[in-house]
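**Q** Sequence first, predicted model second:
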Amino acid sequence: MFSKLLIANRGEIACRVIKTAKRLGIATVAVYSDADRDALHVQLADEAVHIGPPPARESYLLGERVIQAALDTGAEAIHPGYGFLSENAGFARACEAAGIVFVGPPASAIDAMGSKSAAKQIMEQAGVPLVPGYHGDDQNPAVLKKAADDMGYPVLLKATAGGGGKGMRQVWSAGEFDEALAAAQRESLAAFGDDRMLVEKYLTKPRHVEVQVFCDSHGEGVYLAERDCSVQRRHQKVIEEAPAPGMTPGLRQQMGDTAVQAARAIDYAGAGTVEFLLDEDGSFYFMEMNTRLQVEHPVTEMITGQDLVEWQLRVASGQALPLTQRDITLKGHAFEARIYAEDAANDFLPATGTLAFLQPPEESEFVRVDTGVRQGDEISVYYDPMIAKLIVWDESRERALQRLASALAEYRIGGTVTNVDFLYNLATAQPFRAAELDTGFIERHRALIFHAREQDIAGEVPLAALALLLYRRQQVRPRACLDPWTPWASHNAWRLNEAHAQHLDIRCHDQDFAITADWLGDAWRIHNGNQSTVVKVQLEGDVLSFEVDGHRQRGTLAATGDSFVLYLAGGAISFNEVPPDTGETDSSGAAGGLSAPMNGTIVNLLVEAGTAVEQGQALLVMEAMKMEHTIRAPAAGTVDGFYYQPGELVDGGAELVNFVPKDSP
Ligand code: MV4
């Protein structure tokens, strides 16, 4: 076994690999970019090597720097995690050439699976079932049309050079084939520089079921059951589970043996995943093989009781597989939900910001949180905005799903927008509970999943106001006051000849509430308009215990700047104090500058300073989260100037443009 391992990755997977390495007594070396100088994976590793500026292409993707770091620190092996260099055959070869073990499959296996169409041809020769279709080199439209007619409609046109859902087009009848083919070829040529097509029978409600395989260097290969990853959005997995609902032992063995057969076809070693499309009639077809440890591997670990990173390290060091096929037993059911800083209500726009408040659910034998961030960390613009993977297990799917819903309800994150509410809606949607899974699930149940939580504003605002009031008092707790009885130290709003009343103006969901809180001696009467509520409250640390008419509940207040989120049993309520009206223009850009929606880089200024512009006219382009954002004029007016030049980094909220509306005085 290795004595020192370098992890060529960052975030949760780097932390996860380090955890297993430590447990095995293996010293660990992390690599980090400027943006990750204080990251959790750097803190967890025994050593760490700086490898470059934040952009991955200038740091984590520079194989030679990673290898040099391993050589400089005496690491005998490199674990690539997933993404980055994990499926880069050239990097695997470079490790080998440097005398360093690449914890993964042979470079030849990575190459073999790198091209989707070549992979299909290899699998076809190995007797692995493919979706009925035409994968030939003859691209004569008449040949493609005949193949479609022979297999029957609907068919799916797939760009040979495509993948991950890109370059696919459904054709529902012979009459529309020619036009669809021409369009698909044009799109493929534009996207991939290659217009070759394959034609497949279109499976209208398939499931994405993938099999975890493991092969050692002694010719042994096993499968560790399957995972259902059908719930995807734009080909990104959202929630994964193991085992696949409705799987029978017979079908599991059939798919497992086929997956191992696929691995053997390319002399595989290490952890691999064979992805299948599972049709409604139980037939299954090879889709692709991933030559890395998958993001969702923890659900397999939870039902098999195996540590797949330990298996990887043992196999990479030449050991035999820890278990034979008959030794692998399954117990219970597991789910994984990917917690992201993204705005589900805004087409999942990636979000950035500081994790000013981060309170994951408590971990136990039932709940596991794999994360690479801590409270106070920044969600960077340079990398995938994953906050954590929430993994749950229990003895049945129903109980595991209940745990998932509870754990999501307890996941408290303040400072950036997240997809937690979206995941909660998904996990509690009746069709999901009924395991009515197929790759179209999210699209089909949009209304169920994308609804905003019914907010009981009237019931929650009084609690929010009280939480704020107590929070404020905590903030002004007297410093080492010499006289504990001084009236200045009292916080019960006592006033001479006046009721003990406190006033708060809070804004919640664009509504303003003028709240008065009267201290009654053992409780508060909260006046909200013509409603009043008597609330008993206790503050223990950052946990508030409320009681209203005998109903008691706990809440946690997250303060991020002058914004607040009160997390209650039934959900969260966001609010802030209404700023006093100082007569200044608001910062929404109606006057003064326009602010950056998130951290990013200025790409291009589209107008000259001093230019008169129309409302909606594009003024500049910035890049963030690998996406371009156009900043537009909020009204007709004049651009007096820009505060940043192309290439400059800007923080979220920074004013970018000095804009003067047309009708301003
Ligand atoms: C299909 C299909 C239906 N019929 N092939 C999407 C990306 C790539 N992995 C293959 N994909 C599909 N191929 C045939 N003949 C439906 C999909 C598909 C899909 C597959 C797995 C997971 C999610 C998906 C989402 C949309 C479409």
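**A** Done, it's in.

**Q** Every contact and neighbour count from this point should use C-alpha atoms.
**A** OK.

**Q** isn't C15 right up against G372?
**A** Yes: with contact defined as Cα atoms under 8 Å, C15 reaches G372; the gap is 6.1 Å.

**Q** Pick out whichever of those two has more residues nearby.
**A** The residue with more neighbours, out of C15 and G372, is C15; 25 against 21, by other Cα atoms under 10 Å.

**Q** Leaving out sequence neighbours, find the closest residue to that one.
**A** In space, and not counting its chain neighbours, C15 is closest to H41: 5.0 Å by Cα to Cα, 6 or more residues apart in numbering.

**Q** a helix runs through that neighbour, doesn't it?
**A** Yes: counting by DSSP: H, G, I helix; E, B strand; the rest coil, H41 falls inside a helix.

**Q** Could you check the pLDDT of it?
**A** In the predicted model, H41 carries a pLDDT score of 98.

**Q** Pull up the overlap in contacts between C15 and G372.
**A** Residues touching both C15 and G372 (Cα atoms under 8 Å, 6 or more residues apart in numbering) are 40-41.

**Q** in the protein, which helix or strand is least confident?
**A** One helix or strand of the chain scores below all others by mean pLDDT, DSSP states H and E: strand 627-632, with a mean of 76.

**Q** What strands line up against the helix or strand following that one, and which way round?
**A** Toward the C-terminus, strand 627-632 is succeeded by strand 637-642 as the next helix or strand (DSSP states H and E). When pairing is defined by DSSP bridges, strand 637-642 lines up against strand 611-613 (antiparallel), strand 657-661 (antiparallel).

**Q** Residue ranges in the stretch 551-665 of the chain under the pLDDT threshold?
**A** For the stretch 551-665 of the chain, applying pLDDT under 70 flags the ranges 579-593, 597-598, 624-628, 665.

**Q** could you pull out the strands for it?
**A** 551-560, 563-568, 571-577, 600-605, 611-613, 618-624, 627-632, 637-642, 649-650, 657-661 (DSSP state E, counting those that start in this stretch).

**Q** which of those strands sits most buried?
**A** strand 657-661 (a mean of 24; mean count of other Cα atoms under 10 Å).

**Q** tell me the domain ranges of this protein?
**A** Following automatic domain parsing, the chain resolves into domains at 4-103, 132-201, 332-450, 454-476+490-577, 600-661.

**Q** close to the ligand, is the second one?
**A** Yes: contact of domain 132-201 with the ligand (Cα under 6 Å from any ligand atom) involves 156, 163-165, 200-201.

**Q** Could you tell me the end-to-end distance of that domain?
**A** Using Cα to Cα, to the nearest Å, the end-to-end distance of domain 132-201 comes to 6 Å.

**Q** do the same with the fourth one
**A** Here the two ends of domain 454-476+490-577 are set 22 Å apart, with distance taken as Cα to Cα.

**Q** coming back round to it: and the domains of the chain as CSV, adding distance to L321?
**A** What follows is these, written out as CSV (distance: least, Cα to Cα, whole Å):
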stretch, distance to L321
domain 4-103, 14
domain 132-201, 31
domain 332-450, 23
domain 454-476+490-577, 46
domain 600-661, 40
